[in-house]
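Peer 1: can't give you the sequence, but here's the structure:
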């Protein structure tokens, strides 16, 4: 990952096996389809519905890659996320935060004449 090229023509580029695989899966996907590897599927299986598409041969990889097609989000994950978002909005209240900061500001002003930075 980083800048490649000359000072007059720079290009920010990612290189490596993972990036190559992502590009190959994107190219292999049908229109409006998201293909992911088995490694990615294992990480996100709790959050998405997928269809096992079997193995495909991918340029640059010696072994076939197990591929899954993402079909939908799990409904309970979407509801949980919506509830967490709403909960966050309810927990952060600017007025309450301002009231918490007032005593700190008062103490800071009171101690300023004593210059305690020694």
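Peer 2: Looks like it came in fine. The shown structure was predicted, so the numbers you read here are calculated from the model rather than taken from an experiment.
Peer 1: Show the pLDDT at residue 49.
Peer 2: Reported pLDDT at residue 49 in the predicted model: 88.
Peer 1: do the same with residue 22
Peer 2: pLDDT, residue 22: 88.
Peer 1: which SSE is it in?
Peer 2: Residue 22 is part of helix 17-28, with elements assigned from DSSP states H and E.
Peer 1: Does anything pack onto that helix? Which helices or strands?
Peer 2: When contacts are defined as 3 or more Cβ pairs under 8 Å, 6 or more residues apart in numbering; DSSP states H and E, helix 17-28 sits against strand 34-37, strand 65-73. C-beta here means a position set from N, CA and C on the backbone, and glycine is covered the same way.
Peer 1: tell me which residues in the shortest one are buried?
Peer 2: Just to be clear, that refers to strand 34-37. Applying a neighbour-count criterion of 16 or more other Cβ atoms under 10 Å, one finds 35-37 buried in strand 34-37.
Peer 1: Also stretch 23-41?
Peer 2: Residues of stretch 23-41 classed as buried by neighbour count (16+ other Cβ under 10 Å): 24-25, 28-29, 35-37, 40-41.
Peer 1: Going by distance to residue 102, which of those residues wins?
Peer 2: Distance to residue 102, by Cβ to Cβ, is smallest for residue 40 among those, at 48.1 Å.
Peer 1: Can I get the helices and strands packed on helix 17-28 in a markdown table including distance to residue 57 and mean pLDDT?
Peer 2: Converted to a markdown table, the helices and strands packed on helix 17-28 look like this (distance: least, Cβ to Cβ, whole Å; pLDDT from 0 to 100):
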| stretch | distance to residue 57 | mean pLDDT |
| --- | --- | --- |
| strand 34-37 | 13 | 92 |
| strand 65-73 | 8 | 90 |
